[in-house]
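Participant: what's the 3D shape of this:
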Amino acid sequence: PACGAGVGDDGWMSAPTGALAVLGRRRGRVIDGGPTTHRSEHSPWLSGVLAAAQACVLTVLLLTLPALVVFVLSSGDPSNADVGWFSSVQVGLALWLLGHGVPVAVGGTTISMVPLGLSLLCAFVLHASARRSMRPAAAAYGAGVATYAGATVLLVLVAGLAGVPQLVMAALGGAVVAALGLGSGYVTHPEGPRLAEVLEPLTSRLPAWLRLGMRAGFIATALGVGAATILLVVWVFAGRGPTLDIVESLGVTSFDAVALAAAQSMFAADLALWALAWISGVGFSFGTGTLFSPTTAVAGPMPVVPLVGTIPTGQPAAAWVVVPAVVVLVGVVAGIFVHRSVADRAWTTLFGALLTVAGTTGVTVGVLVSLASGGVGPGRMQDVGADAFVVGLVVAGEVLVGVALAAVLLHPTSLAWFRSVGGRVRGAVRRDGGETAGRAQGTAGQGTAGQGTTATARTGPSARTARTTLTTPTTRTVTSGGSTTSSASGTTSTSAPSAD
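Facilitator: This next block holds a predicted model:
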């Protein structure tokens, strides 16, 4: 057939043509040639465009479809008679844009705090799309990032949020999210390069101590966020009672409860960064005039949302003043990593690496905290989160203390000094032990001599018995013929036999 594979005169099947050939190429194999590696026939950059476009469409639908469902369910309410379906779509688009760092104005109030949970979700969808659809090529990656950033700017216009700040933040936020999501899919693709290979042109120009310090700084940041996440889980568990009370007081339906839980889950990552600010000792606020830290808890009027139940509003215990030591411990771990990885142990090299660790950690934490802070409502709720600059500076200082402590204690000079001090201490202990043993032996010898003197000085029957025992002569008797001779020490006696 025209679209199939024909059989030649020699009995062999000819190459497939038409739709069958296309199907064979789509499956990544040639019918008569066996399996081959999948290669798309279109240009590499086009695969990046398609991957970014499908990720954008999927995440937008993920937010706009629930908004349309809510519109349909509430369309029977007379109070919503003037609300059109496109308004619901704009709500979903506004939330999607907020996850990309675009501030949204609602009723004269600007919402600027980024729901980092939504940002992570979009990055994950981009990651999966890149692994599935994008060819592992630099051209595809660049085209995908540009496409996603352009789509973000376009959606700002569709949502009716056109403004210079919104357009700039849309381009920047879309590019950053796409760079992270598509980039992770690019370097984890089975046929793609590894991260070290991609960064080699850049990292090869940097000094070794700078590269090591940056790696250790990112490790310290990850450890700090991990510790803060554990603390957040503790807060959620401890505040489950107040949270349930707030949910019951709202009187929400099952559908409303699910929607409320999904909306709050988008801010879970923000709460983890608030917990990191709390661990550092700086603390965070949930409204103007409030402050929550290991040493202070100043509460105020707060919105009635279940999220409030997880905030530690009680007065902190006195022992919580040592909580910032957790960040110092994170620095110690980063310092151990530097000690194990650094080749040149000169103090100047270590000093540069330690400063890089602290600087990288402080800048990264400061940027993340700034994204997790901002306004979420009118009035007092424009001040939510933590001071990013102060938190970054304090975290950098605490990490610097930890890495410096590890570097000093693990430096070869310090280890040699510790060994010498330990040797002197062990020698002193041995000498003290020898002197103690000598005194003990001397005391034992004096006790034995005293016992001998006491035995010699005894009197009475025991003494006489002892003298008798010591002075009794030894008697020896010799019989020769008819005479008997007895001799003792100093005395000799001879007796003649008696005649009967």
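
Participant: residue 110: how many residues sit nearby?
Facilitator: 15 (other Cβ atoms under 10 Å). (Each C-beta comes from the backbone N, C-alpha and C, glycine too.)

Participant: helix, strand or coil for it?
Facilitator: When classified by DSSP: H, G, I helix; E, B strand; the rest coil, residue 110 comes out as strand.

Participant: in the sheet, who's paired with it?
Facilitator: The partner list for residue 110 in beta bridges (DSSP bridges) reads residue 105.

Participant: so what's it up against?
Facilitator: Each residue near residue 110 by Cβ atoms under 8 Å, 6 or more residues apart in numbering is listed here: 103-104, 375, 382.

Participant: check residue 58 too.
Facilitator: With Cβ under 8 Å, 6+ apart, residue 58 has these contacts: 125, 129.

Participant: what's the helix or strand for it?
Facilitator: helix 44-73 (DSSP states H and E).

Participant: for that helix, buried residues please.
Facilitator: Judged by neighbour count using 16 or more other Cβ atoms under 10 Å, the buried positions of helix 44-73 are 44-45, 47-56, 59-60, 63-64, 66-68, 70-71.

Participant: what about the helices in the stretch 1-150 of the chain?
Facilitator: 18-26, 44-73, 85-98, 116-133, 138-158 (DSSP state H, counting those that start in this stretch).

Participant: rebuild the ones you listed as CSV, extending it with mean pLDDT and distance to residue 196.
Facilitator: Output for those, formatted as CSV (pLDDT from 0 to 100; distance: least, Cβ to Cβ, whole Å):
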stretch, mean pLDDT, distance to residue 196
helix 18-26, 39, 33
helix 44-73, 88, 22
helix 85-98, 85, 33
helix 116-133, 94, 18
helix 138-158, 93, 15
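
Participant: with distance to residue 315 added, can I get those helices in TSV?
Facilitator: Formatted as TSV, the helices of the stretch 1-150 of the chain follow (distance: least, Cβ to Cβ, whole Å):
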stretch	distance to residue 315
helix 18-26	66
helix 44-73	40
helix 85-98	34
helix 116-133	29
helix 138-158	44
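
Participant: wait, which of those helices is closest to residue 371?
Facilitator: helix 116-133 (6.2 Å; Cβ to Cβ).

Participant: in terms of contact, does residue 221 touch residue 363 like I think?
Facilitator: No. Counting by Cβ atoms under 8 Å, residue 221 sits too far from residue 363 to count as a contact (9.3 Å).

Participant: what about those two, which has more around it?
Facilitator: residue 221 (22 against 15).

Participant: three-state assignment of the more buried one?
Facilitator: Assignment for residue 221 (three-state DSSP): helix.

Participant: now do the same contact list for the closest residue to it other than its chain neighbours.
Facilitator: Setting aside the residues directly before and after it, residue 221 is nearest to residue 364 in space (Cβ to Cβ, 6 or more residues apart in numbering), at 4.6 Å. By Cβ under 8 Å, 6+ apart, the contact list for residue 364 reads 217-218, 221.

Participant: nearest to residue 428 among those?
Facilitator: So of these, ranked by how close each gets to residue 428 (Cβ to Cβ), first place is residue 217, at 42.9 Å.

Participant: what about the chain, any weak spots by pLDDT?
Facilitator: 1-42, 74-83, 344-345, 411-415, 417-419, 422, 432-500 (pLDDT under 70).

Participant: ok, which stretches of it are strands?
Facilitator: For the chain, applying DSSP state E gives strands covering 29-30, 34-35, 104-106, 109-111, 285-286, 291-292, 297-298, 384-385, 476-480, 483-488, 491-495.

Participant: mind checking how far the closest residue to residue 92 other than its chain neighbours is from residue 219?
Facilitator: Sequence neighbours aside, residue 64 is the residue nearest to residue 92 in space, at 3.4 Å (criterion: Cβ to Cβ, 6+ apart). Using Cβ to Cβ, to the nearest Å, one obtains 39 Å as the distance from residue 64 to residue 219.
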